[in-house]
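> Using only what follows, build the 3D model:
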Amino acid sequence: MDFLTHILLDYGYWGMFLSALLAGSVLPFSSEVVLVGLIASGLDPILLLIYGTTGNVMGGLINYGLGRMGKLEWLQRYFHVSQKSLDRAQRFMAGRGSWMGFFAFLPIIGSAITVVLGLTRANIVITILSMTIGKAIRYALIIWGTGIFT
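Below you'll find the model as predicted:
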């Protein structure tokens, strides 16, 4: 991963976009390392925030699409989830569940959240909005934590 991180640092803003896309998908990658490295190299933190957020949301949408291709019956068959639990999850997702996309920034479970959002056919507009808010806040906090604005 160190080799890939160094390559992405050489690509500047597009490296940030690609690292965030990888990190937002089901692939294990840390875009935070690239973000901090690019800030240290003197790139504009606001543009890094935009490129990072956009890439990370697009990675989450890849997960959403993967989930959307799945079938709820698979959960019943392979993971022994009851029909009652599936009905409850669908009712939840139909209401405020799309806003769970906000938590897609969380390590490990964030990818699972976006896959489940796709699997349950959550409202795509609200999902994109909530993912964007959560991921932008995370990157903004990392940028703020570097102390560049002090």
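> What count of nearby residues applies to residue 108?
7 (other C-beta atoms under 10 Å). Yep, even glycine has a C-beta here, placed from its N, CA and C like the rest.
> where's it relative to residue 26, distance?
Residue 108 sits 11 Å away from residue 26, going by C-beta to C-beta, to the nearest Å.
> Can you identify each of the helices in this structure by residue range?
Assigned helices in the chain, in chain order: 2-10, 12-24, 31-40, 45-69, 72-79, 83-95, 109-119, 124-145 (criterion: DSSP state H).
> what stretches of the protein score poorly on pLDDT?
Applying pLDDT under 70 to the chain flags the ranges 1-5, 75-76, 78-79, 81, 90, 92-95, 149-150.
> how does it look with 50?
Nowhere does the chain drop to pLDDT under 50.
> Mean neighbour count added to the helices of the chain, as a markdown table?
Output for the helices of the chain, formatted as a markdown table (neighbours: other C-beta atoms under 10 Å):
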| stretch | mean neighbour count |
| --- | --- |
| helix 2-10 | 13 |
| helix 12-24 | 23 |
| helix 31-40 | 20 |
| helix 45-69 | 21 |
| helix 72-79 | 12 |
| helix 83-95 | 13 |
| helix 109-119 | 22 |
| helix 124-145 | 18 |
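> how about a markdown table for those, with distance to residue 102 added?
A markdown table is the format used below for those (distance: least, C-beta to C-beta, whole Å):
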| stretch | distance to residue 102 |
| --- | --- |
| helix 2-10 | 26 |
| helix 12-24 | 14 |
| helix 31-40 | 18 |
| helix 45-69 | 11 |
| helix 72-79 | 23 |
| helix 83-95 | 14 |
| helix 109-119 | 9 |
| helix 124-145 | 4 |
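> Residue 101 is nearest to which of the ones you listed?
helix 124-145 (3.7 Å; C-beta to C-beta).
> Okay, angle between the closest one and helix 45-69 too, please.
Counting by axes from the mean of the first three to the mean of the last three C-alpha atoms, to 10 degrees, helix 124-145 lies at 140 degrees to helix 45-69.
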